[in-house]
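S.K.: missing the sequence, but the structure's below:
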């Protein structure tokens, strides 16, 4: 047993320090090597998904090689122990918490490994460990249970994570473990794909997007028109691929053109011989020509919805003549329809103009128009409700977990099968915007669903080659840290299926979303709680349909079965998210009330702009402590472990605010613990300037989920406004990362108002940091180190606890020695395992410059009339006379 065990806080980052401990084991019966035997043991790989939960394994599992894994008879699956009757999480580090077993996907490397009970575990590193100290109860004369002791306010002494590290001397094993902060350190979103997958679609047109208007006519050099074909009612654009739509329109054009001739040739020689013209329409080009130099221009006028044009590879939003090749003139006809003019006029000329010349006839030479994307494109509807397909390299399987923070989107089908999984996806690629000469890159966010094969894989579509994905609806990407205007719901988004590389196409990749709202920010405190406690065991009633954010506001407990680690809080601050996005810390070890307190203490309160943010990442995983630290930093929060529970506190809310009502321990001289023969061991050391004020501060905010969320895209500058700011040099700078804070300036002038409740947080941040935190940092706090406290108080002190301290030794902030009833926050604790005492570091609060000073209201009056009878200046003596 280590003589001491240390747990500490980093006050600046707000996180728990990376402490460790080494335990020495004497292997009496020779069984330890079987547990720490390394990676040379025989093992099998899991071939089916085993989700998180407590339901015992009732039958052998399927192995990756179609072999049988007798997990129902016990063994080890990854770092989870399986009991002899298939019990999940058999050896729990928290025996009173009944935590469920882990989630084991079997479709992504590395596959979970299985070993039998006799073989022992293959993987040791990463297992959670706990050290309990059971304290005898003299009142009952019994030793309490784990559960009773924890409820009674005495948590486990120390906890952490096993490392594959240490040494062996003979039969003495030294096993190294990371400390309590290791429970907050894990890769999240580790199972989400990092790749971008090309997107293709067969368009389904709405009824008001199918119209086809066709006109054929000739114009002479004097501006007179001769009409040869006209149809506005006979044809309707069908659903399908670009080639299918092009073939349909080609047939329609040929039929209408044939009203003045046959085989697409306008045979009428009116008004002169040789004026016959022809039209050819396909996916690669449109060709218009006269058969001779006849002095007449041939024209085809066709009106289609912009989605139909884009499906065929044309881009109506381009200005005429803006491309290198010959282009038609597109005219906006309203309601999403555009009219194209294909004519034999010279390239760059206006085919509608009546001021032509002899060269407008084409002189018998065909005029060839080529689409922007020859061969057609995929068009994504801006309204959603569309099935698209995604391609994986070498037809590889695609594992994507369905997130459980929200219920299923409106019912959708893919090839006749109801979708059963859902998540946010990011889409990227070039998009043509009105007024732009060239396509510009964009990234958009959509709510999607798909059919799962039961193992977490995205099922193939009817082709058997690509994966089917249903786009339920598009969200505003600016809310998620992507500075792009939402796509026009009537215009949609076209992708070039024939681009030389994937960068020229629309691509999709799953987003890992840590929030709950789709069209407004989320409470940071709720996000932290959900990340800490979720286990991947929550489930929605399959009949519940989630149509909008109103669903969250109208949430009913009957809709959702909370996971097996309940918090007792309202949705969404509960066990409601998948295993891959959470830390599975027992809710009994979370100081849930502290999260509400720090939220309420923010300027603007728990629902104010500074309390809200948005977190989503794509691609690489994110370290949980970095995520938690980024949510805490701009709000001035810090982790606490008082009473052995993970909680939050705001260091700047000290003696001027809540200490009087929140003292955990009152420490006087009688509570000190010294070493035998060393009286000075009870005297703490004092550091006079443990925290430093800042002069200027930079807040980097709004992370990009596709380019590294932790790095903000914008910066906000603030400066300290505490009483001593003007006297300092002004060179000390503090940098704060706030990637979840939303760039509200992106929404200025947003006429669509697509995102609700996006309010500026900057005024609240200024109030918090420029005044609140800056004033607190500038005060004369003292750091006391080496303060030794005896049991029983010493055995129960943990970082974050508040002390009311009376001690004659520390140099105080008022110009003397000693402190009486001073408030201090414990920053680190070193527990002595043999004596149950502890040695602490605590921050002794410096009083606020404008703190209230209490003066006497009454005074005692004696019976004497000569004041010298109270005090004799000659002898410098005071006298206490009889009271009257």
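M.R.: Cool, got the structure. Note that the coordinates shown come from a computational prediction; the quantities given were computed from them, not determined experimentally. Numbering: from 1, shown residues only.

S.K.: quick one: average pLDDT of stretch 813-822?
M.R.: For stretch 813-822, the mean per-residue pLDDT is 86.

S.K.: and what of stretch 788-808?
M.R.: The average pLDDT for stretch 788-808 rounds to 93.

S.K.: that one spans what distance, first to last residue?
M.R.: Stretch 788-808 has an end-to-end distance of 14 Å (Cα to Cα, to the nearest Å).

S.K.: and it, how far from the chain's centre?
M.R.: Its chain's average C-alpha position is 38 Å from that of stretch 788-808, according to Cα atoms, centre = their mean, to the nearest Å.

S.K.: what does stretch 730-746 give?
M.R.: 18 Å.

S.K.: what are the buried residues along that stretch?
M.R.: 734, 736-744, 746 (16 or more other Cβ atoms under 10 Å). The way it works is simple: take the backbone N, C-alpha and C, and place the C-beta from them, glycine included.

S.K.: dump the residues you listed into CSV; add secondary structure and distance to residue 830 as well.
M.R.: Below are those laid out as CSV (DSSP: H, G, I helix; E, B strand; the rest coil; distance: Cβ to Cβ, whole Å):
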residue, secondary structure, distance to residue 830
734, strand, 29
736, strand, 30
737, strand, 30
738, strand, 33
739, coil, 34
740, coil, 34
741, coil, 37
742, coil, 42
743, coil, 44
744, helix, 45
746, helix, 48
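
S.K.: now those as JSON lines including distance to residue 156 and pLDDT?
M.R.: Shown next, in JSON lines, are the buried residues of stretch 730-746 (distance: Cβ to Cβ, whole Å; pLDDT from 0 to 100):
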{"residue": "734", "distance to residue 156": "35", "pLDDT": "93"}
{"residue": "736", "distance to residue 156": "33", "pLDDT": "95"}
{"residue": "737", "distance to residue 156": "32", "pLDDT": "95"}
{"residue": "738", "distance to residue 156": "34", "pLDDT": "96"}
{"residue": "739", "distance to residue 156": "33", "pLDDT": "96"}
{"residue": "740", "distance to residue 156": "32", "pLDDT": "97"}
{"residue": "741", "distance to residue 156": "36", "pLDDT": "97"}
{"residue": "742", "distance to residue 156": "39", "pLDDT": "95"}
{"residue": "743", "distance to residue 156": "43", "pLDDT": "94"}
{"residue": "744", "distance to residue 156": "44", "pLDDT": "91"}
{"residue": "746", "distance to residue 156": "46", "pLDDT": "91"}
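
S.K.: residues contacting residue 530?
M.R.: 405, 514, 572-577, 582 (Cβ atoms under 8 Å, 6 or more residues apart in numbering).

S.K.: would you say residue 745 is within a helix?
M.R.: Yes: counting by DSSP: H, G, I helix; E, B strand; the rest coil, residue 745 is found in a helix.

S.K.: I'd like the numbering to begin with 797 instead of 1 from here.
M.R.: Okay, using 797 as the starting number, the last item reads as residue 1541.

S.K.: and the strands in the stretch 997-1146 of the chain, which stretches?
M.R.: With strands called from DSSP state E, counting those that start in this stretch, the stretch 997-1146 of the chain shows them at 1009-1016, 1021-1027, 1061-1062, 1073-1077, 1082-1086, 1092-1101, 1125-1130, 1133-1139.

S.K.: the fifth one: partners in the sheet, and parallel or antiparallel?
M.R.: Using DSSP bridges, strand 1082-1086 pairs in its sheet with strand 1073-1077 (antiparallel), strand 1163-1165 (antiparallel).

S.K.: what helices or strands is the longest helix anywhere in the chain leaning on?
M.R.: Looking across the chain with DSSP state H, the single longest helix is helix 1038-1053. Judged by 3 or more Cβ pairs under 8 Å, 6 or more residues apart in numbering; DSSP states H and E, the packing partners of helix 1038-1053 are strand 1009-1016, strand 1021-1027, strand 1073-1077, strand 1092-1101, helix 1102-1107.

S.K.: the same query, at a cut-off of 10 Å, please.
M.R.: Counting by 3 or more Cβ pairs under 10 Å, 6 or more residues apart in numbering; DSSP states H and E, the packing neighbours recorded for helix 1038-1053 are strand 1009-1016, strand 1021-1027, strand 1061-1062, strand 1073-1077, strand 1092-1101, helix 1102-1107, strand 1173-1176.

S.K.: comparing these, which yields the minimum mean pLDDT?
M.R.: Among the helices and strands packed on helix 1038-1053, strand 1061-1062 scores lowest, with a mean of 48.

S.K.: ok so, going back, go through the strands of the stretch 997-1146 of the chain and name the closest to residue 1268.
M.R.: Nearest of the strands of the stretch 997-1146 of the chain to residue 1268, taken as Cβ to Cβ: strand 1092-1101 at 21.9 Å.

S.K.: tell me the angle of that closest one relative to strand 1073-1077?
M.R.: Angle, strand 1092-1101 to strand 1073-1077, by axes from the mean of the first three to the mean of the last three Cα atoms, to 10 degrees: 30 degrees.

S.K.: pairing partners for strand 1092-1101, with directions?
M.R.: Here strand 1092-1101 has these sheet partners by DSSP bridges: strand 1009-1016 (antiparallel), strand 1133-1139 (antiparallel).
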